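# compute the structure for the input listed below.
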Amino acid sequence: MARNPIRDEIAIVGLGSTGFHRDSGGRSAKALACDASIRAIRDAGFEPGDIDGIVGAAEPGGPNPNEMSAALGLPQVTHFSSPMPVAVFALVDAMNAIFSGSCSTVLLYFAYTRLPWNSRSAAEDPFRRHHTLGVMPSPESVNAAAAYAAWASRYIHEYDARREDFGRVALNARAGAARNPLAVMKAPLSMEGYLQARMIREPLCLLDMDIPVDGADAFVLTRTECAREKTRNPVVVHAATTGLVGTNDEDQLPSLRRHGQHVVVESLRAKSDLWLEDMDIFFPYDGFSIITLGWIENFGWCPPGGAGRFLEEHWDPQAGCVMIDGRIPLNPHGGSLSEGATRGSGHIREAVMQLRGDAGERQVAGARNALIGCGGFFFNSQGAILRRL
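Down below sits the predicted model:
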């Protein structure tokens with residue numbers, strides 16, 4: 001326990017989601033966040049007065065925690081913060097706040113809305129994708145989306161990879177989303193369709209990049225001892241961590257051999273009593289398909305450069321998706337590529353649903369442990385292991 005005193009001490013006891021759409025029908029990010037939060041509090045069997053901490057991660061222009069506290073009528077809050085996306089940053093903050101005694105029960109929310117550059121006409125220009133955020137890549141820049149295109153090219157060069165290796169990530173996501181009522185992209189996808197998709201920045205096409213959506217997820221976290229008394233089927237965070245290396249800029253990362261994912265894997269392994277052989281579900285982040293290949297390799301499912309072959313060898317042709325060793329699904333909810341760009345909150349939500357036995361036709365029989373690799377290579381690599389009590 002000395003290496004991870006918070007192990008299994010924090011439980012996720014409630015969750016709520018609005019589902020994800022390309023158009024929320026005029027609902028604001030704040031309205032979406034409130035909807036998901038109310039669902040999560042009710043799902044936990046709690047009242048607003050039971051919540052004394054609030055942690056929120058929203059897109060630019062989204063609601064901050066003090067606005068959400070007022071909107072939800074929380075009578076008293078002793079911890080509030082706004083960590084940057086991706087989702088495990090906020091999860092770790094909420095966990096630490098509870099464990100340290102800063103508060104006893106946290107509402108954790110994530111709200112997403114498509115920004116103006118997500119319009120159809122703006123989407124046709126890849127250099128405008130991040131203009132609203134103040135990060136506008138140019139042909140000479142290696143920032144944001146351009147960075148992953150550059151590293152995908154490096155990956156192809158180093159390992160003689162094929163675009164089909166990326167394509168299986170997209171096909172797997174679409175197969176999962178088809179069974180997920182919350183997902184935005186459910187139309188069947190073939191490898192031919194993937195290869196013919198519009199190229200955004202060589203070698204990544206439109207289907208290699210997460211889909212902007214409107215929607216929100218929310219969770220309620222509390223001490224495990226409280227969860228045992230008040231809620232059904234609590235799911236505990238066995239371990240969670242974040243990581244980066246000293247040189248972590250998109251254009252200065254020395255190589256694919258050492259980056260934030262490696263730090264996360266090493267830290268998570270040291271904190272956990274569970275590892276790959278214990279897992280029932282695997283959730284590698286897929287904001288870009290190249291990120292998923294990285295997580296597969298860096299967690300140790302296969303050697304560096306082997307993710308494409310690994311996906312092919314573990315492909316279930318009947319289900320049209322990946323089943324590791326015939327039993328472990330990969331992002332069964334559809335991930336960021338097909339459920340929607342939830343910055344990882346969808347990965348956490350699906351893990352909780354699976355471990356509670358609430359995933360419907362996607363349910364993995366007897367699921368008890370889930371492995372999550374969140375974020376990319378640079379400054380937002382994160383990981384978590386969730387388990388059912």
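# contacting residues around stretch 38-51?
For stretch 38-51, contacts defined as C-beta atoms under 8 Å, 6 or more residues apart in numbering pick out 13-17, 72-75, 77, 105-107, 109, 218-220, 222, 230-231. Glycine gets a C-beta too; all of them are placed from N, C-alpha and C.
# can you tell me which of those residues are buried?
Buried subset of the contacts of stretch 38-51 (neighbour count, 16 or more other C-beta atoms under 10 Å): 13-17, 72, 74, 77, 105-107, 109, 218-220, 222, 230-231.
# and Ser153, how many neighbours?
Here the count is done by other C-beta atoms under 10 Å, and Ser153 has 16 residues near it.
# which element is it on?
Element membership for Ser153 (DSSP states H and E) is helix 145-159.
# can you list the buried residues in that helix?
Neighbour-count burial for helix 145-159 [16+ other C-beta under 10 Å]: 145-153, 155-156, 159.
# and for it, what's in contact with it?
The contact list for helix 145-159 (C-beta under 8 Å, 6+ apart) reads 126, 129-130, 137, 142, 161-162, 166, 200-204, 208-209, 250-251, 253, 256, 288-291, 293, 304-306, 376-378.
# which of those residues fall within strands?
Among the contacts of helix 145-159, DSSP state E puts 200-201, 204 in strands.
# could those residues go into TSV alongside neighbour count?
Formatted as TSV, the ones in strands among the contacts of helix 145-159 follow (neighbours: other C-beta atoms under 10 Å):
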residue	neighbour count
Ile200	20
Arg201	21
Leu204	25
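# which elements pack onto the host helix or strand of Ser69?
Element membership of Ser69 [criterion: DSSP H and E] is helix 65-72. In terms of contacts (3 or more C-beta pairs under 8 Å, 6 or more residues apart in numbering; DSSP states H and E), helix 65-72 is packed against helix 29-44, strand 53-58, strand 79-81, strand 105-112.
# in it, what's buried?
Residues of helix 65-72 classed as buried by neighbour count (16+ other C-beta under 10 Å): 65, 68-69, 72.
# low-confidence stretches in the stretch 51-200 of the chain?
Applying pLDDT under 70 to the stretch 51-200 of the chain picks out residues 116-145.
# who touches the residue lying farthest from the centre of the chain in this structure?
Centroid-distance maximum for the chain: Pro75 at 30.6 Å, with C-alpha atoms, centre = their mean. By C-beta under 8 Å, 6+ apart, the residues touching Pro75 are 48-49.
# what's the residue nearest in space to the middle of the chain sitting at in phi/psi?
Nearest to the mean C-alpha position of the chain, counting by C-alpha atoms, centre = their mean, stands Gly344 at 1.5 Å. Gly344 adopts backbone torsions of phi 100, psi -10, taken as degrees, to the nearest 10.
# what's the burial count for the residue lying closest to Gly334 once chain neighbours are set aside?
Leaving aside its chain neighbours, Gly334 sits nearest to Ala177 (2.8 Å; criterion: C-beta to C-beta, 6 or more residues apart in numbering). Counted by other C-beta under 10 Å, the residues lying close to Ala177 total 28.
# Ala177 against Leu189, yeah?
No: taking contacts as C-beta atoms under 8 Å, Ala177 lies outside contact range of Leu189: 9.3 Å.
# need phi/psi at the residue lying closest to Val88 once chain neighbours are set aside.
Distances taken as C-beta to C-beta, 6+ apart put Gln382 closest to Val88, at 3.4 Å, once the chain neighbours are dropped. Main-chain dihedrals, Gln382, degrees, to the nearest 10: phi -150, psi 160.
# burial count for Gln382?
Using other C-beta under 10 Å, Gln382 has 27 neighbouring residues.
# next one: the one 4 residues further on
A total of 26 residues lie near Leu386 under the criterion other C-beta under 10 Å.
# give me the pLDDT for it.
Here the pLDDT value assigned to Leu386 is 98.
# I figured it hits His238, correct?
Yes: with contact defined as C-beta under 8 Å, Leu386 counts as touching His238 (6.5 Å).
# about what we covered before: show me how far the helix holding Ser69 is from its chain's centre.
Offset of helix 65-72 from its chain centre (C-alpha atoms, centre = their mean, to the nearest Å): 24 Å.
# stretch 96-116 now?
On C-alpha atoms, centre = their mean, the centre of stretch 96-116 falls 15 Å from the chain's centre.
# contacting residues for the closest residue to Glu164 other than its chain neighbours?
Nearest residue to Glu164, sequence neighbours excluded (C-beta to C-beta, 6+ apart): Met191, at 6.4 Å. Contacts for Met191 (C-beta under 8 Å, 6+ apart) come out as 164, 167-168, 171.
# 10 Å - rerun?
For Met191, the contacting residues are 163-164, 167-168, 170-171, by C-beta atoms under 10 Å, 6 or more residues apart in numbering.
# closest to Arg114 out of these?
When the contacts of Met191 are compared for distance to Arg114 (C-beta to C-beta), Ala170 comes out closest, at 20.2 Å.
# name the element that closest one belongs to?
Going by DSSP H and E, Ala170 is part of helix 163-177.
# now do the buried residues in that helix.
Buried, per 16+ other C-beta under 10 Å, within helix 163-177: 163, 165-177.
# over to stretch 19-33?
Buried positions in stretch 19-33, judged by neighbour count with 16+ other C-beta under 10 Å: 19-21, 24, 27, 29-33.
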